[in-house]
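Chemist: A predicted structure for the sequence below; I have some questions about it.
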2 protein chains.
Amino acid sequence: MAIDPGFCAPGLDRADALRSDPDGLRAAMMRPGARLLRMSGLDPDIGEDGGLSWGSLAEADPEGDLLLLGLDDGAPRFAHVGHVLAQGQPIPLLWQALAVLPERDAAIYASARSLVDWHARHLFCARCGGDTRIEKAGWSRRCTQCSAEHFPRTDPVVIMLAEHEGRVLLGRQPQFPPRRLSALAGFVEPGETVEGAVARELYEEAGIRVHDIRYIKSQPWPFPSSLMIGCFAQAENDVLTIDTTELEDAQWINAAGVRAAMAGEDAAPFIAPPRLAIAHHLLEHWLETRG
Amino acid sequence: MAIDPGFCAPGLDRADALRSDPDGLRAAMMRPGARLLRMSGLDPDIGEDGGLSWGSLAEADPEGDLLLLGLDDGAPRFAHVGHVLAQGQPIPLLWQALAVLPERDAAIYASARSLVDWHARHLFCARCGGDTRIEKAGWSRRCTQCSAEHFPRTDPVVIMLAEHEGRVLLGRQPQFPPRRLSALAGFVEPGETVEGAVARELYEEAGIRVHDIRYIKSQPWPFPSSLMIGCFAQAENDVLTIDTTELEDAQWINAAGVRAAMAGEDAAPFIAPPRLAIAHHLLEHWLETRG
């Protein structure tokens, strides 16, 4: 059963044309079906049914700005743009809520969280230091001094399983829960291909040279705003040279070990990444397709 | 003959560890083999051999900052961080130079151009408006007031061919040269998958619903700093509804038409995108693999 990683379900109609249509946008705000996503800072309020909670636009701070998330079967959906910055890592309660949130609600929340966070981090113009103001219904900001337009940021990240003779390479970062191993990952840099970033990160972090890099699937990751690009690669050998500034440990795990971990068995050699994470699905895909 | 799009060749060893090693970096600058990439603004100076031109670090503005591009067979390579902003579109002379630049030089230039441009656009902190200073050998900037760290930006863009009964969908933007058609494209937004962005852009720009979206290849595009993610998709029908705010025209072209355009024939129904662009290679891949 192949289900998608978290945040991947189709969300709202993004209604791109409405963002640049001030009259249409004002009319959308007046519609009786218009709704505001209830959030506490960057975290979602959860309704009694376990889904996202929506209120009327009257609940928004009259001093604040509204962001058009999109249309839900034609009904406008907004979020409030506060000035809340994420404080460190998301709290455990958020992970618990996300694990049970309906898939479509999780996708809607991912866009909202990334955008609200981006606005809070971009009150000033990086080019001239001037104040910026919201534009295009929250899908850009413009500098009040130099007029530069700034767009929400999405950072591409490669996340990959290197394979060698029936085993996959998994690593752990120092902040992981005990016994957790996951796929290695890193940001794509300016001037790199997806495949170049996969090869560089595996060599930098684990000393492994790879070939036959294959794209598998992608996932938005709203902490704060990444596009996870999931790949497989074939390692030339299994000799690890671990960069301990990035990884606490890295190990080759065979299919039996991965299967035990994915089944949550006590005797498994590691604890698998959660279903929300694309790494979980890369491991599942590997078990299903490794021939 | 499958050659890669422009900027995709392996470039320098990015020497990630050296960026965070101030002593090592100072030593690298003193090495006799250290070289500075000669640029005029954001454009590359071209040497007599048609490749990039490299000078000594003494040529750098003593008031300016140096950016570590990486190591070339162990020899440090730098660029000078000026405050030059790109003025509109790249000039025709740049395209001509890039068309003949050796592949590896083009890849090195792509990273340099994106980073130099990013520094010029990020002299101030988007969070608090304070001055920023270069850090990590040019791979980040830090705010002198609030200490926020800012990283170079890479914007993921989907670029795709929709296919329907033996024809592919191509479009033209108003600024294209006469008769040029190319693949449709658009930025991946926060909260989207690659596949979600492909489906949304094709529907927004051409009114086409698609399924079976497949990743083909990727390319860095340094104008200013995109990661082009090239895909194929199967269209459900061929009825176009063109968004004329985005596209001047869109057409379905059959294999004979694509083949004639790729061969540069006068009678071709359109002029193909240049070899530098991933769209050219998506068309080539389509001709080779369409069964």
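Modeler: Yes, it's here. Residues are numbered from 1 along each chain as shown, chains lettered A, B, ... in the order given.
Chemist: helices of the stretch 151-291 of chain A, residue ranges please.
Modeler: Counting by DSSP state H, counting those that start in this stretch, one finds helices in the stretch 151-291 of chain A at the ranges A:194-206, A:255-262, A:278-289.
Chemist: how about these in JSON lines, adding mean pLDDT and mean neighbour count?
Modeler: Backbone N, C-alpha and C define where each C-beta goes, glycine included. Formatted as JSON lines, the helices of the stretch 151-291 of chain A follow (pLDDT from 0 to 100; neighbours: other CB atoms under 10 Å in any protein chain shown):
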{"stretch": "helix A:194-206", "mean pLDDT": "98", "mean neighbour count": "23"}
{"stretch": "helix A:255-262", "mean pLDDT": "98", "mean neighbour count": "18"}
{"stretch": "helix A:278-289", "mean pLDDT": "97", "mean neighbour count": "19"}
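Chemist: break chain A into its domains for me.
Modeler: Per automatic domain parsing, the domain ranges recorded for chain A read A:16-150, A:155-289.
Chemist: point out the most buried one among those.
Modeler: Greatest average neighbour count among the domains of chain A goes to domain A:155-289 (a mean of 19), per mean count of other CB atoms under 10 Å in any protein chain shown.
Chemist: is any residue of that one near chain B?
Modeler: Yes. If you take CB under 8 Å from any CB of the partner chain as the test, domain A:155-289 does meet chain B, through A:155-156, A:187-196, A:200, A:204, A:215, A:217-220, A:222, A:225, A:227, A:229, A:243, A:245.
Chemist: name the SS class of the residue of the stretch 1-150 of chain A found nearest chain B, please.
Modeler: Of all residues in the stretch 1-150 of chain A, residue A:111 sits closest to chain B, at 2.9 Å by CB to the nearest CB. Following DSSP: H, G, I helix; E, B strand; the rest coil, we place residue A:111 in the helix state.
Chemist: tell me the contacts of it?
Modeler: If you count contacts by CB atoms under 8 Å, 6 or more residues apart in numbering or on different chains, residue A:111 has them with A:11-12, A:69-70, A:220, A:222, B:189-192.
Chemist: in strands, which of those fall?
Modeler: The strands, defined by DSSP state E, take in A:69-70, A:220 from the contacts of residue A:111.
Chemist: thinking again about what came up before, where among the domains of chain A is average confidence lowest?
Modeler: For the domains of chain A, mean pLDDT drops lowest on domain A:16-150, to a mean of 93.
Chemist: how far away from the center of its chain is it?
Modeler: Taking CA atoms, centre = their mean, to the nearest Å, one finds domain A:16-150 lying 16 Å from the centre of the chain it belongs to.
Chemist: picking up where we left off before, mind putting the domains of chain A in CSV, distance to residue B:131 included?
Modeler: Shown next, in CSV, are these (distance: least, CB to CB, whole Å):
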stretch, distance to residue B:131
domain A:16-150, 8
domain A:155-289, 22
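Chemist: and of those domains, who's closest to residue B:274?
Modeler: Across those, residue B:274 has its closest neighbour in domain A:155-289 (18.3 Å, CB to CB).
Chemist: test my guess that residue A:140 contacts residue A:148.
Modeler: No. Between residue A:140 and residue A:148 there is no contact under CB atoms under 8 Å: 10.3 Å.
Chemist: the closest residue to residue A:281 other than its chain neighbours in helix, strand or coil?
Modeler: Distances taken as CB to CB, 6 or more residues apart in numbering or on different chains put residue A:5 closest to residue A:281, at 4.9 Å, once the chain neighbours are dropped. Secondary structure, three-state DSSP: residue A:5 is coil.
Chemist: which residues in the stretch 51-200 of chain A form strands?
Modeler: A:54-55, A:65-72, A:75-81, A:132-135, A:140-143, A:149-150, A:155-164, A:167-172, A:184-187 (DSSP state E, counting those that start in this stretch).
Chemist: with distance to residue A:210 added, can I get the ones you listed in CSV?
Modeler: Converted to CSV, the strands of the stretch 51-200 of chain A look like this (distance: least, CB to CB, whole Å):
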stretch, distance to residue A:210
strand A:54-55, 46
strand A:65-72, 39
strand A:75-81, 40
strand A:132-135, 42
strand A:140-143, 38
strand A:149-150, 36
strand A:155-164, 6
strand A:167-172, 9
strand A:184-187, 11
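Chemist: out of those, flag the one nearest residue A:104.
Modeler: Checking the strands of the stretch 51-200 of chain A against residue A:104 by CB to CB gives strand A:65-72 as the closest, at 9.3 Å.
Chemist: and the angle from that closest one to strand A:75-81?
Modeler: Going by axes from the mean of the first three to the mean of the last three CA atoms, to 10 degrees, strand A:65-72 is angled at 150 degrees with respect to strand A:75-81.
Chemist: my guess is residue A:177 contacts residue A:271, does it?
Modeler: Yes. Look at residue A:177 against residue A:271 with CB under 8 Å: they come within range, at 6.9 Å.
Chemist: now the stretch 151-291 of chain A against chain B: closest residue?
Modeler: Closest point on the stretch 151-291 of chain A to chain B, by CB to the nearest CB, is residue A:191, at 2.9 Å.
Chemist: quick one: contacts for that residue?
Modeler: B:7, B:11, B:107-108, B:110-112, B:114-115, B:220, B:222 are the contacts of residue A:191 under CB under 8 Å, 6+ apart.
Chemist: mind doing that once more with 6 Å?
Modeler: B:110-111, B:114, B:220 (CB atoms under 6 Å, 6 or more residues apart in numbering or on different chains).
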